[in-house]
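In: Give me a 3D structure for the following:
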Amino acid sequence: MKEFSGLGELYNDIRKGDSVIDKKFKPVSLIFFISVFITCVVVTNIIGTKVMTLWGFDFTAGVITYALVFLCTDVIGEIWGKRIARYVVVLGFLGNLLMMGFVYLAIISPPAPYWVENQDAYANVLGNVKRIVIASMIAYLISQLHDVWAFDYWRKKTQGKRLWQRNILSTFTSQFIDTIVFIIAAFAGQIPAAQIFGMIVGQIIIKWILAILDTPIIIGVCKLLGKPIPKVPTYEVKKK
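Out: Presented below is the predicted three-dimensional model:
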């Protein structure tokens, strides 16, 4: 039950009106955001093969999960700094490589006799993931590294103030870059140019709307977590 004892302490701190979480909770918080980050990166590439239409705009199904990727990047960059945020971006890249390798192995593995009729559909859906992942990985590295840099740049310019402005400026430009690179690399030659342009416009609009909506969440989370930690948090070992 020791795992749950800290929750009571956290609740009491919040109830008393304390604005920050004690430092001993921050390593757990970092693990949580890294887990959400990598999960959303991998899931985005799997579900991104589907194109959706909403309010007249075309966009891939991975738009919503990818918005969480930027949210996690900005929170990690604000609390744990640029260096840790860049490490997390690299971890997400490695997660994509693993996913692509496992998907390929699953497709080429011989199916069971009673499952042969499903093999073509399975390969058709997941087989497209290969190009989606490659395009996404290129766009991901460019946009995420830019987002980490831009967020840190605006934090220095604003002297750590106006988090809402830093989040919007860094996310808007990064998502603009990500959308153009990804859509062209993933769908060029497969669908007409007019539809590609429509997808770019649609995704940018949806992503920017989500970026505005998640700004209060980022502000709330950063306020809850407290002041930034300049170095990687470590557990203290008490001497006996």
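In: From here on, just use CA atoms for contacts and neighbour counts.
Out: Fine.
In: separation between Val103 and Gly127?
Out: 8 Å (C-alpha to C-alpha, to the nearest Å).
In: same thing with Phe93?
Out: 19 Å.
In: Kindly report the same for Ile218.
Out: Taken as C-alpha to C-alpha, the span from Ile218 to Gly127 is 35 Å.
In: Same question for Pro192.
Out: Taken as C-alpha to C-alpha, the span from Pro192 to Gly127 is 21 Å.
In: So between these two, which is more surrounded?
Out: Using other C-alpha atoms under 10 Å as the criterion, Pro192 and Gly127 rank with Gly127 on top: 17 against 10.
In: Contacts only, for that one.
Out: Val103, Tyr104, Ile107 (C-alpha atoms under 8 Å, 6 or more residues apart in numbering).
In: ok, 7 Å please
Out: Going by C-alpha atoms under 7 Å, 6 or more residues apart in numbering, Gly127 touches no other residue.
In: Can you check the pLDDT for it?
Out: Gly127 is assigned 72 on the pLDDT scale.
In: For Asn96, see how far away it is.
Out: Counting by C-alpha to C-alpha, the gap from Gly127 to Asn96 is 15 Å.
In: repeat for Phe37
Out: Look at Phe37 and Asn96: by C-alpha to C-alpha, they are 12 Å apart.
In: Do a quick rundown of the helices in the protein.
Out: Using DSSP state H, the helices of the chain run over residues 2-15, 26-47, 63-79, 82-108, 119-127, 129-157, 163-187, 193-225.
In: Can you point out the buried residues in the longest one?
Out: Right, the one you point to is helix 193-225. Residues of helix 193-225 classed as buried by neighbour count (16 or more other C-alpha atoms under 10 Å): 196, 199-208, 210-211, 214-215, 218-219, 222, 225.
In: again with the third one
Out: For helix 63-79, a neighbour-count test (16+ other C-alpha under 10 Å) marks 63, 65-79 as buried.
In: now swap in the second one and tell me
Out: Residues of helix 26-47 classed as buried by neighbour count (16+ other C-alpha under 10 Å): 26, 30, 33-34, 37-42, 44-47.
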